[in-house]
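*Asks:* got a structure for you, letters missing:
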């Protein structure tokens, strides 16, 4: 792997019985860049995310992360909570998973439960409000406040998350993920359900997280206005296989990508070739 590679996926395959959802996929995610994974519905994109983040154990293949402080880590051998806690590979979901009855601030504090649990001595320091726990609690609050301000959510910090508009909930979910100090932020369709103005705001946010915070982003997205405007690199899947990889301009003009998205019939293609 080159020094600029943060995540290296090699020959990844995921089978469910007789169904091959991911088929011999290899892709690299550079540090400090935005990489998009795109493809038609059923292409295997979310399955790929589940393999990276410990929700699924791949049938074969390797997922190697070069952590900036901890060195190389093999994610395919780790459970989901360890991928998030130890490797700091954090994800959001296509379906929003906030705690709707908690306030926005409380959602961001809960995201830091591993840090707070350790500081509490697994309950005693927290129960007796020892100085070490109070220090950790203040640090968690400070971090939450930072990301609330960074994402323009400070004014609604005390509002129940479930009472807020859909687009705002998307931003809260990203803010919550950022509270874990990710080295790789995996976003599963963050633009789903957003209007054009909210999609444009998402573009600005993702670019700033990458360029100003240095966070590598791996993005699954159907909204091509987001993908083409923010991505440094794009990998295209179809039926679990990689069919193209390159810059936005290269992907936009790739015949296989056009065929996959337009659903061109193989028999029609063959007929056209014979006629030519």
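*Replies:* Thanks, I have the structure now. It should be emphasised that the depicted structure is a prediction, and the values quoted were computed from it without experimental measurement. Numbers count the residues shown, from 1 in each chain.
*Asks:* which secondary structure element contains residue 202?
*Replies:* Counting by DSSP states H and E, the element that carries residue 202 is helix 196-211.
*Asks:* which is the next helix or strand following that helix?
*Replies:* Past helix 196-211, further along toward the C-terminus, the next helix or strand under DSSP H and E is strand 216-220.
*Asks:* buried set for stretch 198-209?
*Replies:* By neighbour count, and taking 16 or more other Cβ atoms under 10 Å as the criterion, the buried residues in stretch 198-209 are 198-199, 201-203, 205-206, 209. Yep, even glycine has a C-beta here, placed from its N, CA and C like the rest.
*Asks:* the helix holding residue 202 - what's its average pLDDT?
*Replies:* Along helix 196-211, the predicted local confidence has a mean pLDDT of 94.
*Asks:* could you give the angle of that helix to strand 216-220?
*Replies:* Our comparison of helix 196-211 with strand 216-220, counting by axes from the mean of the first three to the mean of the last three Cα atoms, to 10 degrees, yields an angle of 150 degrees.
*Asks:* hmm, who's touching helix 196-211?
*Replies:* Residues external to helix 196-211 that are found in contact with it (Cβ atoms under 8 Å, 6 or more residues apart in numbering): 32-34, 151, 167, 170-171, 174, 178, 185, 187, 190-191, 194, 215-217, 219, 223, 225-226, 229-230.
*Asks:* taking these one by one, which sit in helices?
*Replies:* Of those, the ones assigned to helices by DSSP state H are 167, 170-171, 174, 178, 225-226, 229-230.
*Asks:* wait, residue 192 sits on residue 96?
*Replies:* No. Contact criterion Cβ atoms under 8 Å: residue 192 and residue 96 do not qualify, at 9.2 Å.
*Asks:* what is the burial count for residue 83?
*Replies:* By other Cβ atoms under 10 Å, the residues close to residue 83 number 25.
*Asks:* in what helix or strand does it lie?
*Replies:* Counting by DSSP H and E, the element that carries residue 83 is helix 80-85.
*Asks:* mind checking what helix or strand follows that helix in sequence?
*Replies:* Once helix 80-85 ends, the next helix or strand along the chain (criterion: DSSP H and E) is strand 89-91.
*Asks:* using neighbour counts, pick out the buried residues of that next one.
*Replies:* The neighbour-count check on strand 89-91 (16+ other Cβ under 10 Å) flags 89-91 as buried.
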